Each structure stands twice: as structure tokens, then as C-alpha cells.
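A.B. asks: all I have is the shape, not the residue letters:
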């Protein structure tokens, strides 16, 4: 073996290729970012301007949302006012209806009083001038009015009682029901010099079909009572015209 032979030892450095690749990637990214920014600048794009525009749009959105909230609150307020106005209109309509009913009854009463024959033209003595049925507070409740008059210069007060009975049918059978089973008392009392109207309530059984009312007026000291029979007919109060 020759003494001139030399051993050369070279150190292996594996990190150099990695560093080289990283450098190339960073360079490529820098070039790409620069090209991107150059493209945005050439297109008149500005990051600051874009941020300002976005903030302005967000402010406009907030303003629109606030305005929408105000409109919703106004709509709710108007809806409440509309309901209040509707309820008030219903109450007013109801009050007008009740007032018209009372005016109709008064007009009916006035027409009745005008129709009464004056004493100088009427036959003397006690007479029945009206028997009237009106609706009550519920479907089977009715108001009965009986008008009495003593005409031709009455000598004094006449008093007595009035008996009432109702003819009809129940379960296909003819019946006659006295006032004691229809009202609060067995008979009605009266006392008048010229005119008196006696009123009472009638509560009919649900299974009764009414047909006729029998009225008997019994003045004290009279030889015979006054009798009158009328068909069962409900009078509707006259409604005042609008």
C-alpha cells in the first residue's frame, strides 16, 4: 500500500434542500401576493376604502333596523287604537239600539194615549182599552200590560182585581194555566179614577204552546166582571227611524 493514499470525509447536510424549498415557496408567495395587490391596485381597489364602505353599509343596516322597529311599534299602537275604536263603536251602536227601543216604546205609548176616546164621547163606566204583550228578559219571559179607563166624568175612584189565564196546549192537550203559575201572584190589583195601566211578568213553561189570553177585571161592588179574550201575539216596540 502506497503512503500517498488519502481518506476524504465529507459531511452530509440534509437541511439544505429543505431550506432551498422553503425559500422558493416564500419567494413564490411573495411574488403571488405582490401580483394580487398589484392587480387590486390596478383595479382601483383599496383595503382601507373597502373597510370604510363596509362600515358605512353596516351603519345603514343598523339605521334600517331601528326604523323597522319604530314602524313595528307604530303598527302595534295603531292596531290597539283600532281595537279600542271598534269596541267603542260597538258600545255606541248598542246604546243607540237601546235608545231607539225606548223611543219606539214611547212613540207607541203616545199613539196609544192619543187613541183613547175622550170622556165626553165615551160610554160611562170602566173599560179595558188595551191588552199588550212585549218581549221580556229571556225567551220564555214576557211583559203583560193591561190598560183600564173610566170615562164620562167618573164619580170617584174604582178599585178591584184582575185575573189572567193563558189557554194553550201541552203535549197535545188543551190546558188553561192561571196567573198564579205564570207570574208572581194569583191576581193583579188596580185602583184608578180616570186611567191606569197594570203591568206584570209572565214566565211560560218550556213545553207550553200559548194560544189565547183570558183577562177578567173585577171591580169592587160591580154586579159582573169585565172579560176580554185576545190571541197570544207579541208586540214589537216601534223603532225610531234613523
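C.D. replies: Thanks, I have it. Just so it is clear, the structure is predicted and the values come from calculations on it, not from any experiment.

A.B. asks: for the longest helix along the chain, what is the average pLDDT?
C.D. replies: Ranked by number of residues, the top helix in the chain under DSSP state H is helix 47-115. Mean pLDDT, helix 47-115: 79.

A.B. asks: beyond it, next helix or strand please.
C.D. replies: Using DSSP states H and E, the helix or strand that follows helix 47-115 in sequence is strand 125-135.

A.B. asks: I'd like the average pLDDT over whichever helix or strand comes after that following strand.
C.D. replies: The C-terminal neighbour of strand 125-135 among helices and strands, as given by DSSP H and E, is strand 141-151. Average pLDDT, strand 141-151: 90.

A.B. asks: mind checking the SS state of the closest residue to residue 175 other than its chain neighbours?
C.D. replies: Closest residue in space to residue 175, ignoring its immediate chain neighbours: residue 168 at 6.1 Å, by CB to CB, 6 or more residues apart in numbering. C-beta coordinates here come from the backbone N, C-alpha and C atoms, glycine included. On the three-state scheme (DSSP: H, G, I helix; E, B strand; the rest coil), residue 168 is labelled strand.

A.B. asks: for residue 168, give me its contacts.
C.D. replies: 174, 175, 177, 208, 209, 210, 211, 212, 232 (CB atoms under 8 Å, 6 or more residues apart in numbering).

A.B. asks: what does residue 127 give?
C.D. replies: Counting by CB under 8 Å, 6+ apart, residue 127 touches 148, 149, 150, 151, 226.

A.B. asks: and the furthest pair within these?
C.D. replies: Farthest-apart pair in the contacts of residue 127 is 151 and 226; separation 13.5 Å (CB to CB).

A.B. asks: quick one: which of these two has more around it?
C.D. replies: Set residue 151 next to residue 226 and count neighbours by other CB atoms under 10 Å: residue 151 wins out with 20 against 17.

A.B. asks: for residue 221, helix, strand, or coil?
C.D. replies: When the rule is three-state DSSP, residue 221 gets the label coil.

A.B. asks: neighbours of it, how many?
C.D. replies: For residue 221, using other CB under 10 Å, the count is 7.

A.B. asks: contact partners for residue 192?
C.D. replies: 148, 149, 150, 157, 158, 159.

A.B. asks: how close does it sit to residue 201?
C.D. replies: With distances taken as CB to CB, to the nearest Å, residue 192 is found 21 Å from residue 201.

A.B. asks: now residue 216
C.D. replies: On the measure of CB to CB, residue 216 and residue 201 end up 19 Å apart.

A.B. asks: okay, the two: which has more neighbours?
C.D. replies: In terms of neighbours (other CB under 10 Å), residue 216 is the more surrounded of residue 216 and residue 201; the figures are 16 against 13.

A.B. asks: so what's the residue count around the closest residue to that one other than its chain neighbours?
C.D. replies: Excluding its sequence neighbours, the residue lying closest to residue 216 (CB to CB, 6+ apart) is residue 163, at 4.3 Å. When neighbours are defined as other CB under 10 Å, residue 163 has 17 of them.
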